[in-house]
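Novice: How does the following fold in three dimensions:
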Amino acid sequence: MQGKAEMSTRRRLSGFTLVELLVVISIIALLIAILLPSLKRAREQAKDTVCRSNLHQQGLNIQYYLQDNSERLPYIKGEGANNTGPYYQYQVIFRLWPYVKELELYQCPMAMGADKKTGKKRSIRDYLPPTGYVQPGWGLTSTTPKLGSHFRAYKGDSEFIKLFQQRAFPLIPQNVLSNSQIQFIDEIYTEYWYNDWSQGPDFPGINGSPINRLRYPESTVLVSDAIHEVPRHNGGKHLVFVDAHVDWYKQGRVYDDRPGLVCRDKEDFDSFGNRPYWAWGLRPASNPMDGLGGCSPN
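Specialist: Next up is the predicted model:
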């Protein structure tokens, strides 16, 4: 009996065999391989949800702005004569600041890294504008600043100075205005693009325009989650419309830049014949608007 007890004790203390360990490790590895893609999708879905929430809130803020400013859309200053572009996109932050005082609202959680399909960076601030642009009145020395400089606040912006003096941005050091080495306020920036289409002699504008000039407001885009060329969310982008609703569109639907296309192949017309998305909803089907030139919907 004593011998049997000792054998039983040794059997219990022997632990797992090598085969058993390998089986357990294989099962764990299989579970990880199954779960990792799901976790990645869940993270991307969470970021997508945050982005949509940011954009919807901005759409609501623009509605509040309209009510307080005689039904005019937010105005964005542009460079050069006659308020031509590129436009200082960050100024929308100042226009909407009275309604939601959160800088995080202007930061897309997917605005990092590069798009896997195109290899293009998702951050607006990584792109260069055409050469020859200058910054009149801002005290800048470079004639070809990064496009990102139009999405980051200038220290010399009168709207920034006014809000800064009101202590609207406590995260900005108090000596920022007297520091000659500072040109841009890196903490105040937007990763979203705001429709800066300005009024011309024969077409309605969006930038600072009365809302009643828009022919089809429910089809008119006010905000995009990225600049035109870069998809940020699953091969496409979110758009905010005048009524504050947010929709996702694939990249070719909003900005079809495939090489070798003829006009009839273009995807990025609205139902009235306007293209691309920053010109959606501006004219009726009898007199559509082509935002890029050179093509018509027929």
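
Novice: in the stretch 151-298 of the chain, which spans are helices?
Specialist: 158-165, 251-254 (DSSP state H, counting those that start in this stretch).

Novice: pLDDT below threshold where in this protein?
Specialist: The model of the chain has pLDDT under 70 over residues 1-16, 38-39, 80-83, 85, 117, 127-147, 201, 292-298.

Novice: The spatially most central residue of it: what's it in contact with?
Specialist: Central residue of the chain (C-alpha atoms, centre = their mean): residue 225, 2.5 Å from the mean position. By C-beta atoms under 8 Å, 6 or more residues apart in numbering, residue 225 lies in contact with 51, 55, 108, 110, 191-193, 232-233, 237-239. All C-beta atoms are positioned from the backbone trio N, CA, C, and that covers glycine.

Novice: can we see that at 7 Å?
Specialist: Applying C-beta atoms under 7 Å, 6 or more residues apart in numbering, one finds that residue 225 lies in contact with 51, 55, 108, 192, 232-233, 237-238.

Novice: repeat for residue 59
Specialist: 222-223, 240, 244, 246.

Novice: Need the winner for burial among the helices of the stretch 151-298 of the chain.
Specialist: Counting by mean count of other C-beta atoms under 10 Å, helix 251-254 has the highest mean neighbour count of the helices of the stretch 151-298 of the chain, with a mean of 20.

Novice: got a list of contacts for it?
Specialist: Applying C-beta under 7 Å, 6+ apart, the set of residues contacting helix 251-254 is 231, 235-237, 239, 258, 267-268, 276-277.

Novice: how about the CA coordinates for stretch 49-65, as CSV?
Specialist: Listed next in CSV are the C-alpha coordinates belonging to stretch 49-65 (Å, rounded to 0.1, in the frame of the first residue of the first chain):
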residue,chain,number,x,y,z
THR,A,49,-16.8,56.8,-33.5
VAL,A,50,-14.8,59.6,-31.8
CYS,A,51,-14.2,61.3,-35.2
ARG,A,52,-17.9,61.1,-36.1
SER,A,53,-18.8,62.5,-32.7
ASN,A,54,-16.3,65.4,-33.1
LEU,A,55,-17.7,66.2,-36.6
HIS,A,56,-21.3,66.1,-35.5
GLN,A,57,-20.6,68.4,-32.6
GLN,A,58,-18.9,70.8,-34.9
GLY,A,59,-21.9,70.7,-37.2
LEU,A,60,-24.1,71.6,-34.2
ASN,A,61,-21.7,74.4,-33.2
ILE,A,62,-22.0,75.8,-36.7
GLN,A,63,-25.8,75.8,-36.3
TYR,A,64,-25.4,77.8,-33.1
TYR,A,65,-23.0,80.2,-34.9
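
Novice: Check which residues of it are buried.
Specialist: 51-52, 54-62, 65 (16 or more other C-beta atoms under 10 Å).

Novice: chain center to it: distance?
Specialist: In terms of C-alpha atoms, centre = their mean, to the nearest Å, the centre of stretch 49-65 is found 12 Å from the chain centre.

Novice: ok, now stretch 208-217?
Specialist: With C-alpha atoms, centre = their mean, you get 23 Å for stretch 208-217.
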